[in-house]
Each structure stands twice: as structure tokens, then as C-alpha cells.
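>>> Kindly return the folded structure for what I paste below:
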Amino acid sequence: MLPSYSQEDTPLLTAMKNYVDDGVIPFHTPGHKFGKGMHHRLGSIVGRASLEMDLALLPELDDLHEPHGCIKAAQDLAAELYGADHSFFVVNGTTGGIYAMILTIAGPGDKIIVPRNAHRSIIGGVLLNGAIPVFMHPEVDKHLGLAQGVTPETVEEAIHRHPDAKGVLIINPTYYGVATDLQRIVDIVHDHNMPVVVDEAHGPHLHFSSRLPLQALDAGADICAQSTHKIIGALTQCSMVHCREGRVSVPRLKAMLQLVQSTSPNYILMASLDVARMQMATEGHKLVARAVELAEWVRAEINCIPGLYSFGADKIGAPGVFSLDPTKVTVTVKGLGLTGAEAERILRHEYKVQVELSDMYNVLFLITLGDGEAEARAMVEALRALAANHAGKRDFSSMEDAYGSDYPPIPEQVLSPRQALFGHTKTIPFKQAAGRVCAEIITFYPPGIPLLCPGERISAEIIAYCLRLQKAGLHISGPEDYMLKTVKVVE
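Residues are numbered from 1 along each chain as shown. Okay, the predicted model is just below:
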């Protein structure tokens, strides 16, 4: 029987420290043996104390795949904090968690309803298990060039068209902090006796403030994956999967997590999840409140700078925008005649400020518990200097006219993405591909919604639309030939 722990405890980190402090002479992996065999070029940077904690699967340190000791205790504390029936540590990024969630609810040939602007990890999960994706179009803000959430009405329509689907996957919130009406979506999906799976990579902090969108578990979702490293205090690659019993098989979820994770998980990464959970339990509400206040101050300052715009509460109520995470600060720079990529390069090399990402019209900043007033002021001053000194001359009207027209219908799905990707393929001229089955993904930015996915039939209408976007100068992502002169098709 496990000892009784409180949210102030860190059972995994404590067990690791006890092992090192016991003076053990290690004749087990890793080979650097507490750092003694590590070359000084890296060892002097990482530090001996850290390398001593780089441990292996040992009886007193538990087993991530069959936990019964300190790892189980740490995961149980996470479940208690987040309101889950079970929580699981993931050390190969939220990608691994999303793979496991998809593999849990669907198998080869099964349908799964997903947004068309799905992250590549979602497409990867579908490719792995051979499921058939039923795509839903998200709403699009044409001024910002951003895909928003899918509406409850869109979800309900997809379920009525495909009542045999095994579940619905929702991205909430988006990378840019936009949240849909998840509570209503969950109710709709559950009314049809399907599970709701949520890619909540950008929401590990939502549970800790009423000023943020509703957390997936609090909305009644069945499984969610959160990137504990993206917003709160875990190390890179560290995520958690939370689930509720009932509509999903917990033993199957455990088995799928074993399938997609290493049998030699890094204990320092797992310990960082243990500590990040403790930090949020003891200080989370205070830390998140500070980040929200800081972000709102930043947004107000940015919106006083000519040529710049940072959307916020003014967008709530727009299609696909039910609520917003204000700690995601999106700055639209096209008013300066700059692309987001140009603004990113200037900010990095002229002002030593690095954004999270850039797209055609925007740059994105993340305000987290690691930021303070000094960092916020430096960011605002860099943006003031950008606006004053680096105005460009780019005309975006042709791009907006091209992509702003109505999207072509989602193409006919002929094969599963897995069949198309792993089947016999060949490369042909794109302009001659009408009627053929695509074997790769073709996406244009903005707004990042795939126009073609593996297994879909290429139409003359799609070809013409892609060529129009390309001529307007929009960025192409996905195909091997980024110039789109050729395309891979199924033979």
C-alpha cells in the first residue's frame, strides 16, 4: 500500500534523491555513471548534481509502464489536482499522448471526426492506426489569417453524417489561444454515445484561473493531452494525459501509452512533471493570475502602437471563438507592411526578442509563469521600435483576395491516409493530377488548413485553387516539392 501523500509532496523526485544520497555504486545504465563518464564539454554545462539524477528503471524508482510505487503516487497526485480519474506521464511530447489517445478510441478502418486544421501529430496518429478521418472545417478569421475553433453546429452535423464514428477529437484551445464552446460540444457528442478526445496541448494552465477557457476535463471530456512543458514548469518533451472512466477503456489507453513511449524513460523529465504538478497545486492560481495580468497589460500597450494589432476580448463571439486565453499574445504586423516571418527575424536579430512562431500576418508571444515585468517591457519596447524603424512595403491585398474566397469542398476520401502513404506512389506534374489520389499533405498558410490529405482525390477545382494561392504568394507546407510543380499520387 502506498504512503499517504499531499499536493506539497514530490514522491518521484524524493525517491530519486534518496537513491543518490544513499551512496550507491551504480553498475547499471546509463553508461556515464552519475556523470563520471560524461565528457566535460557537456558535463560541465549540465552539472554533476543533474547527471546523478539521470537514473534508470530500478525497483525503488518504479516503472512508468507498470507503476506501483513513486511514479504511481506522482501520477495519482496529478489526477487529483486536475480532476481526472487517471493521469499518465508522457515524456515524448504531447505527440506521444495524442498518438495514444487516437489508438485508444479507434482502429484500422474506423472513422474518427477531427478538425481539418489538425496538428501533424493528429494526422500522424491517424496514419499509425489506419483510421479514416472525417474532417470538419474550422471557422476562419480572414483578417487575421487564422483558423479558429470548430462550432458545436459543425460537430453535430459531422456526427449526423457519420453516426458510426468512434469518437470526436477537438483542438482546444488553438495555438493562438482561441477556445470553442467545448462544454456544448461535449454534451452533443456524449448524447450520441461517443467519446470526446481533446488536444489540449496549449492548456495545462487553464484549470488554475476563471479568466481562462474551460479545461477539457471540467467540460466533461473523456481524454485530453496537455503539454506541461509549453506553458508551465516541466522540461521540454514533458506532457500528461488525463482521462475519465466510462466511455474509454483505461487498460487500452495504458497499453497504447506503452506502445508509443520508450521503455527507458528519462527520470529527470518525469521528475520535472512531478515538480510542475506540485508547483501548480501550491502556487498555480497566483502564478497564472500574474501571467494573465501581464499579458493584458502587454496587449493594451501593443494596441496603442500604430500599425500593430493584438486581438483579445473583442473577438469573443465571432464564429469559432467562444473564449480566449489572453496569455497567448498574437500581434498582427501586416499593418506595417511586414510578414510575420520578417517581423520575427527583425525582433530576434535587432532587439534580441524571440517569438514563439510567425505566420504570414502575425507573430505569437507566450506569456507564462516564467515572465515578469522586465521581460514584458522589453517585448513592448521591441515592438515599438519595430513599428518606428522597420515599416515594409508589402501589399497583402492579392493574398487576401486569393485565400479569402470560398474554400473548395473537402475532397473525396478514396483510401485511408495510411493506405495512401504506405502504398505504391509516384510523382507526376501537379497540373496533370486531376482524378488521381493524393499521397501527401498540401497546406497553405494562411490559414493552415490542408487542401489535400493522403488518400483524397485531387480535383481540377482544387488544382486551380492551389495555383491561385501560390500565385498570390501564400506559403506552401507539406508536399515534398514545396514549389508544387509536382505531387505524389497513388499508383
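>>> C-alpha only now, for contacts and for neighbours.
Noted.
>>> buried stuff in the helix or strand of the chain with the lowest mean pLDDT?
Within the chain, confidence by mean pLDDT, DSSP states H and E is lowest for helix 397-404 among all helices and strands, at a mean of 81. For helix 397-404, the neighbour count (16 or more other C-alpha atoms under 10 Å) marks Met399, Glu400, Ala402, Tyr403, Gly404 as buried.
>>> Kindly indicate which of the residues you listed lies nearest Asp22.
Tyr403 (63.6 Å; C-alpha to C-alpha).
>>> excluding its backbone neighbours, what's nearest the closest one?
Sequence neighbours aside, Leu469 is the residue nearest to Tyr403 in space, at 6.2 Å (criterion: C-alpha to C-alpha, 6 or more residues apart in numbering).
>>> What helix or strand is the one you found located in?
helix 460-472 (DSSP states H and E).
>>> Next SSE downstream of that helix?
The helix or strand immediately downstream of helix 460-472 is strand 475-477, counting by DSSP H and E.
>>> what's that following strand in contact with?
Met360, Ile441, Ile442, Thr443, Phe444, Tyr445, Pro446, Gln470, Tyr482, Met483 (C-alpha atoms under 8 Å, 6 or more residues apart in numbering).
>>> looking at it, the fourth one is touching Gly478, isn't it?
Yes. Taking C-alpha atoms under 8 Å as the definition, Thr443 is a contact partner of Gly478 at 6.1 Å.
>>> The two: which has the busier surroundings?
Thr443 (21 against 16; other C-alpha atoms under 10 Å).
>>> Identify the residues contacting the more buried one.
Thr443 sits in contact with Ile449, Pro450, Leu451, Leu452, Ile476, Ser477, Gly478, where contact means C-alpha under 8 Å, 6+ apart.
>>> Just send the residues you listed back as a markdown table, with distance to Gly284 too.
Output for the contacts of Thr443, formatted as a markdown table (distance: C-alpha to C-alpha, whole Å):
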| residue | distance to Gly284 |
| --- | --- |
| Ile449 | 34 |
| Pro450 | 37 |
| Leu451 | 40 |
| Leu452 | 42 |
| Ile476 | 40 |
| Ser477 | 37 |
| Gly478 | 38 |
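>>> between the residues you listed, which has the most around it?
Result: Leu452 is most packed of the contacts of Thr443 (other C-alpha under 10 Å), 27 neighbours.
>>> roughly how far out does the lengthiest helix in the chain sit from the chain middle?
Ranked by residue count under DSSP state H, the longest helix found in the chain is helix 267-302. Relative to its chain's centre, helix 267-302 lies at 17 Å (C-alpha atoms, centre = their mean, to the nearest Å).
>>> What are the phi and psi values at the closest residue to Val140 other than its chain neighbours?
In space, and not counting its chain neighbours, Val140 is closest to Ala147: 4.5 Å by C-alpha to C-alpha, 6+ apart. Ala147 has phi and psi values of phi -80, psi 140 when expressed as degrees, to the nearest 10.
>>> Now do the strands in the stretch 301-450 of the chain.
Residue ranges of the strands in the stretch 301-450 of the chain, as given by DSSP state E, counting those that start in this stretch, are 323-324, 328-332, 357-358, 362-366, 425-429, 442-445, 449-452.
>>> related to what we said a few turns ago, can you put the buried residues of helix 397-404 in JSON lines and add distance to Ala201?
Shown next, in JSON lines, are these (distance: C-alpha to C-alpha, whole Å):
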{"residue": "Met399", "distance to Ala201": "30"}
{"residue": "Glu400", "distance to Ala201": "29"}
{"residue": "Ala402", "distance to Ala201": "31"}
{"residue": "Tyr403", "distance to Ala201": "28"}
{"residue": "Gly404", "distance to Ala201": "28"}
